[in-house]
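Colleague: need the 3D shape of this:
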Amino acid sequence: MLSTQRKHASKEGAIVAALDIGASKVACFVARLEPGYDGAIDAEVIGVGHCGGGVHIKANHPRLDATETAVRTVVDAAERMAGEHIRDVSVAVSGRHLQCRRVCVDLELHGGCATEEDICDSLDEGAKAAAEEGNEELHSLPISFSVDGDETIADPRGYYGRQLTTQMLAVSARESALANLSAAIERCGLHISEFVASSYAASEAVLIEDEKELGVVLIDIGARSTAYAAYNDGALIDCGGIPVGGANVTSDIAQVFGAPLAHAERIKSLYGSALSGVGDEHRFVEFPILGATNEIARISRADLSAVIAPRLEEILEMILARLPEHGAPHSALRRVVLTGGGSLLVGVRETAERVLSMKARLGRPIAIAGAPEAVMAPAFSVCAGVIHQAAKRFSGEDSTILSLRSKRRAGGLLGNVGIWFRDKF
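Modeller: Down below sits the predicted model:
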């Protein structure tokens, strides 16, 4: 499905591009990766393009021609700002298309000691079972290792024993969804270097390492879908999504109060809240009535909150039901981080704490050099996360297990970036 990959490096550094296609916006980040201090690789955003109004804000299903037009628009804007021509892009896949499964691999250690080759063999073997029929593998991520059944270890290299056991999380996506994305993107003259699970990417931009270690759930509230990623002991243990998001809140307002969709979105953005405050029943919002000429309706903010709150609670309850440790008496998932455009709605954090029984905070992307402040907002967490992943994966300090398999595969844009860095520096 993926096009032939090509190395892309400017005279000053390697160039990577991230593309996030959502229901209410399409965004593209272009970044330059350069060696920094202590062998680390620093990312600098040199181009940004985004357009609102949505690829399919007025329909439940995307139109390929509208997607293609939006992609061309944002990529052109990012190229002009960066002064670079983009050939390869890393594309985020919506959480509602994702599927996860746990994989366990037992590998006999012929040399009596776990080596890098043994770990790569184990990861490759697990990747074979990553996707069910009709799905395509996106990520095969190690959760834990053990040698001869001993306690789990983060890095088994150098441990002596007879059997290496690897617990992995296999993340895949529907082939049909990837084919539709590929069709629209490749018609724009772009090569897809890799697909990335959107919630996995967003977590790289928003979560801190301590949160991953202690147990956390990231919830990315988009327009027509809400994605999540759960971490414990520093490893991704589950991710996915549901086909409900902020646009459903807009639709509820339009249906209940008879407002045009454009006005319903404006009402939600300016006056919407999941909480009803003192005196809200006496504060009114005016808007034209759908289909009526020169007729104005008026509703109180308390009535507006009464429509918004149930839908938001439903979204959070649906995510809660999908979490791997839901209902466990001693669940390690005690904290939630909210991101995405829908997280900016007033009262989302308080509602999340009440529904999920977890401490909540609003998650904004960790700043990237060169990025305009306007795009370091929750709505751009996915694009920022793809750039963070690129820099982290090929950092000189990155000795993680994942980097071992990346070196072996050495495929795609990021693999070529790694080769280019090793050759040049």
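Colleague: where along the protein do the helices fall?
Modeller: All helices of the chain, identified by DSSP state H, fall at 64-82, 116-128, 175-186, 198-206, 209-214, 246-257, 261-271, 301-322, 348-356, 381-393, 401-409, 412-424.
Colleague: distance of Ile46 from Ala31?
Modeller: As judged by C-beta to C-beta, to the nearest Å, Ile46 and Ala31 stand 6 Å apart. For every residue, glycine as well, the C-beta is placed using N, CA and C.
Colleague: any residues in contact with both of the two?
Modeller: Here Ile46 and Ala31 have Gly370 as joint contacts, going by C-beta atoms under 8 Å, 6 or more residues apart in numbering.
Colleague: any low-confidence regions in the chain?
Modeller: Across the chain, the ranges flagged by pLDDT under 70 are 1-13, 37-40, 53-64, 151-152, 325-331, 394-425.
Colleague: if you set the cut-off to 80 instead, what comes out?
Modeller: Scanning the chain with the threshold set as pLDDT under 80 gives 1-13, 36-41, 52-65, 128-131, 150-154, 292-293, 325-332, 392-425.
Colleague: so which residues make contact with stretch 247-265?
Modeller: Contacts of stretch 247-265 (C-beta under 8 Å, 6+ apart): 23-24, 57-58, 223-224, 267-268, 272, 287-290, 297, 299, 303-304, 307-308, 311-312, 315, 342, 345.
Colleague: tell me the buried residues within the residues you listed.
Modeller: Buried members of these, counted by 16 or more other C-beta atoms under 10 Å: 23-24, 57, 223-224, 267-268, 272, 287-288, 290, 297, 299, 303-304, 307-308, 311-312, 315, 342, 345.
Colleague: I'd say Arg335 and Lys359 touch.
Modeller: Yes: with contact defined as C-beta atoms under 8 Å, Arg335 counts as touching Lys359 (5.1 Å).
Colleague: which one of these two has more residues nearby?
Modeller: Arg335 (19 against 13; other C-beta atoms under 10 Å).
Colleague: so what's that one up against?
Modeller: Contacts of Arg335 by C-beta under 8 Å, 6+ apart are 211, 214-217, 358-361.
Colleague: give me that answer again for 7 Å
Modeller: By C-beta atoms under 7 Å, 6 or more residues apart in numbering, Arg335 lies in contact with 211, 214-216, 358-359.
Colleague: now do Ala177
Modeller: By C-beta under 7 Å, 6+ apart, Ala177 lies in contact with His97.
Colleague: that one and Asp65: what is the separation?
Modeller: Counting by C-beta to C-beta, the gap from Ala177 to Asp65 is 17 Å.
Colleague: how about Ala306: what's its closest non-neighbour residue?
Modeller: Excluding the flanking residues, the one nearest Ala306 by C-beta to C-beta, 6 or more residues apart in numbering is Ser276, at 7.1 Å.
Colleague: and the end-to-end length of stretch 255-268?
Modeller: 13 Å (C-alpha to C-alpha, to the nearest Å).
Colleague: may I see the buried residues of it?
Modeller: Neighbour counts over stretch 255-268 (16+ other C-beta under 10 Å) mark 257-259, 261, 263-268 as buried.
Colleague: quick one: which of those is nearest Ala229?
Modeller: For those, the minimum distance to Ala229 (C-beta to C-beta) is 25.6 Å, reached by Lys268.
Colleague: if we can go back for a sec, settle it for me: which of Ile46 and Ala31 has more neighbours?
Modeller: More crowded of Ile46 and Ala31, by other C-beta under 10 Å: Ala31, with 30 against 21.
Colleague: which residues does the more buried one bridge with?
Modeller: With DSSP bridges as the criterion, Ala31 is bridged to Val16, Val45.
Colleague: counting neighbours, what do you get for the nearest residue to Asp148 once chain neighbours are set aside?
Modeller: Leaving aside its chain neighbours, Asp148 sits nearest to Gly161 (4.0 Å; criterion: C-beta to C-beta, 6+ apart). By other C-beta under 10 Å, the residues close to Gly161 number 17.
Colleague: what's the spacing between Gly161 and Cys113?
Modeller: For Gly161, the distance to Cys113 (C-beta to C-beta) stands at 8 Å.
Colleague: same thing with Val147?
Modeller: 9 Å.
Colleague: the two - which one has more neighbours?
Modeller: Val147 (20 against 15).
Colleague: quick check: chain neighbours aside, which residue is closest to that one?
Modeller: Val147 sits nearest to Gly161 (C-beta to C-beta, 6+ apart), 3.8 Å away.
Colleague: test my guess that that neighbour contacts Ser146.
Modeller: No: taking contacts as C-beta atoms under 7 Å, Gly161 lies outside contact range of Ser146: 8.9 Å.
Colleague: which ones are touching Ser122?
Modeller: 105, 107, 164, 166.
Colleague: run a quick neighbour tally on Ala130.
Modeller: Residues near Ala130, counting by other C-beta under 10 Å: 22.
Colleague: tally of neighbours for the nearest residue to it once chain neighbours are set aside?
Modeller: Leaving aside its sequence neighbours, Ala130 sits nearest to Ala170 (C-beta to C-beta, 6+ apart; 3.4 Å). The tally of other residues near Ala170 (other C-beta under 10 Å) stands at 22.
Colleague: Glu373 now?
Modeller: 7.
Colleague: also Gly277?
Modeller: Number of residues near Gly277 (other C-beta under 10 Å) recorded here: 13.
Colleague: and it, how close does it get to Arg80?
Modeller: For Gly277 relative to Arg80 (C-beta to C-beta), the value is 45 Å.
Colleague: quick one, strands of the stretch 101-250 of the chain?
Modeller: Applying DSSP state E, counting those that start in this stretch to the stretch 101-250 of the chain gives strands spanning 135-147, 163-174, 191-197, 216-221, 226-232, 235-242.
Colleague: which of these is buried the deepest?
Modeller: Of all those, strand 216-221 has the most neighbours on average by mean count of other C-beta atoms under 10 Å, namely a mean of 30.
Colleague: neighbouring strands - and their directions - for that one?
Modeller: Applying DSSP bridges to the sheet, strand 216-221 is found paired with strand 226-232 (antiparallel), strand 335-339 (parallel).
Colleague: that's all I had, so thanks and see you.
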